[in-house]
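Colleague: Following is a predicted model, sequence given first.
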Amino acid sequence: METFPKKTLNFDNTEIAFRNQSNSELNAGYWLFKVISSNFLTKVGPPITNFFLNIGMPIKSIIKATIFKHFCGGETIAECEHTVEQLAKGNVGTILDYSVEGEEEESVFDFTCEEIIRTIERAAGDKRIPITVFKVTGIGRFGLLEKLDAKQELTAAEQAEFAKVKARCEKICKRAFDKNVPIMVDAEETWIQDTIDELAVDMMRLFNKERIIVYNTYQMYRHDKLADLKADHLIAKASGYILGVKMVRGAYMEKERKRAEEMGYLSPIQPTKEASDIDYNESLNYCMAHIDDIAIVCGTHNEESCRLLAELLDKHNIDHNHPHVYFAQLLGMSDNLSFNLSDAGYNVAKYVPYGPIKAVMPYLFRRAQENTSIAGATSRELGLIMKEKQRRRLS
């Protein structure tokens, strides 16, 4: 394994962060984040855009040239090639993410399953695409998972339906195993997550005995997930497989709190951001202390968590490019983290969503809303772009 000299991380180094972006691409990013910074536009944009798309207004080309281009790789795997190559120039990997969601038909689930398998086959043997990903709701009906989580009795038809979901899940993970391409199972809402967790654990039992193939996702804005992580590690160790941990803070906070309030149960979300940060960082400590039997993808846009993990690698004398440790961010966000980490020799990959524009719009709206709801996220992106624009002018 290659050993890298110790290098001080500087997440404010915009020259490295934007090295592969032209002046026109930098300007496009600047204006996009200026628009996103408007809470009004972020709130009214989704319904207006959906209306125009549904009545056939020719706005797809505008969307594709702006927000879609910034946050997505393309409409197909082949269209993602440019993004894959651009990221690879900065030693950042690509996580191909077929981001179609909210469907209900079995034929769509079958197609999505095959499309996820195509991402695995595309990644096989290409070091530029080190990890793949899928959502269980991409291959199975949300309402069915919800009924399973609620421990409600399934009809015979529903039992047959869930058998198909499990078969698709196993087919995907088996292909990942055969092609030696790790795959992450994304986390979703709490009221379907237990079923997703059970599926992910079943897949890890099958395919993680020899090497890391399947990762489950832990949302640390939930107050119960640090305990779950530790319990799952003990189960994995006793059962003889590597625990795959994709660690994130979380993606459904407002929806989770609203549902808990409306239905009168204790919110699963941490009481404060600080509590989420404490559990997230404690999870990093725990995983690094058990690096031989835990593999981690640290999915975060938080600078302090990135710095902590980098320090923990050195503290435990773990190589920067240890195969059990990856940093991950979303395409179009936090390039200052991704490219400065990769420049210092760490394993880094970006989520690169793709799919038909209309089908990917829910993902794009979430990204825009996320940037306005996270304190300082948009202003941070704008500040870094402005700093790089000024550096280029002066140089």
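Modeller: Structure's in. What do you need?

Colleague: contacts, neighbours, all on C-alpha from now
Modeller: Fine.

Colleague: counting contacts, what elements does the strand or helix carrying E170 pack onto?
Modeller: Per DSSP states H and E: E170 is located in helix 156-179. Where contact means 3 or more Cα pairs under 8 Å, 6 or more residues apart in numbering; DSSP states H and E, helix 156-179 is packed against helix 106-123, helix 190-207.

Colleague: okay, the ones you listed in CSV with mean pLDDT, distance to P268 and mean neighbour count next?
Modeller: Below are the helices and strands packed on helix 156-179 laid out as CSV (pLDDT from 0 to 100; distance: least, Cα to Cα, whole Å; neighbours: other Cα atoms under 10 Å):
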stretch, mean pLDDT, distance to P268, mean neighbour count
helix 106-123, 97, 29, 19
helix 190-207, 98, 8, 19
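
Colleague: Now do the buried residues in the helix holding E170.
Modeller: 161-162, 164-166, 168-170, 172-177, 179 (16 or more other Cα atoms under 10 Å).

Colleague: Go ahead and name everything in contact with it.
Modeller: Residues from elsewhere that reach helix 156-179, judged by Cα atoms under 8 Å, 6 or more residues apart in numbering: 110, 113, 116-117, 120-121, 124, 136, 139-140, 144, 182-183, 199, 203, 207, 213-214.

Colleague: So in that sheet, which strands flank the helix or strand V133 falls within, and in what orientation?
Modeller: In this structure, V133 is located in strand 131-134 according to DSSP H and E. The strands beside strand 131-134 in its sheet (DSSP bridges) come out as strand 93-98 (parallel), strand 183-185 (parallel).

Colleague: among those strands, which is the most enclosed?
Modeller: Among those, strand 93-98 has the highest mean neighbour count (mean count of other Cα atoms under 10 Å), at a mean of 27.

Colleague: coming back round to it: so how far is the strand holding V133 off the chain centroid?
Modeller: Remark: strand 131-134 is offset 9 Å from the chain centroid, using Cα atoms, centre = their mean, to the nearest Å.

Colleague: quick one: contacts for Y221?
Modeller: Neighbours of Y221 in contact, by Cα under 8 Å, 6+ apart: R249, G250, M253, I269, Q270, K273, A275, S276.

Colleague: Can you check the pLDDT for L41?
Modeller: At L41, the pLDDT value in this model is 45.

Colleague: now swap in I36 and tell me
Modeller: I36 is assigned 72 on the pLDDT scale.

Colleague: Report the secondary structure state of the spatially most central residue of the chain.
Modeller: Nearest to the mean C-alpha position of the chain, by Cα atoms, centre = their mean, lies Y351 at 5.7 Å. Classification of Y351 by DSSP: H, G, I helix; E, B strand; the rest coil places it in strand.

Colleague: Since that was my last question, I'll sign off now.
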